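J.: just the structure for this:
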Amino acid sequence: MMVDPAGMTWRTPLRLAIRFGLPIVGIVIVGRAIVASIGGAIERGHFALGILLITLGFASRIVRGR
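T.: Model prediction:
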């Protein structure tokens, strides 16, 4: 198995997407839910999904790689 000299494997972009992508998407979903709630349409599912994505993103930082 070849590993390139910089130490970047196929898992590195995946790990970065999980670590930084999930919280960003969560923040966007929570932001949209807040804007919608100002108009009177409170959707708890969007809040819950956004918080879940943010939590998963931060939890991925706790898990160590090999």
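J.: show me where the protein has its helices.
T.: For the chain, applying DSSP state H gives helices covering 11-16, 22-38, 44-62.
J.: how about those in JSON lines, adding mean neighbour count?
T.: Where C-beta positions appear, they are placed from N, C-alpha and C, glycine not excepted. Formatted as JSON lines, the helices of the chain follow (neighbours: other Cβ atoms under 10 Å):
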{"stretch": "helix 11-16", "mean neighbour count": "12"}
{"stretch": "helix 22-38", "mean neighbour count": "15"}
{"stretch": "helix 44-62", "mean neighbour count": "14"}
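J.: against Met8, how distant is Ala48?
T.: 35 Å (Cβ to Cβ, to the nearest Å).
J.: for Val63, give me its contacts.
T.: Val63 makes contact with no residue under the criterion Cβ atoms under 8 Å, 6 or more residues apart in numbering.
J.: mind listing what the residue nearest in space to the middle of the chain touches?
T.: Centroid-nearest residue in the chain, with Cα atoms, centre = their mean: Leu22, separated by 0.9 Å. The contact partners of Leu22, taken as Cβ under 8 Å, 6+ apart, are Leu53, Ile54, Leu56, Gly57, Ser60.
J.: where does the chain have low pLDDT?
T.: Within the chain, the set of residues satisfying pLDDT under 70 comprises 1-7, 64-66.
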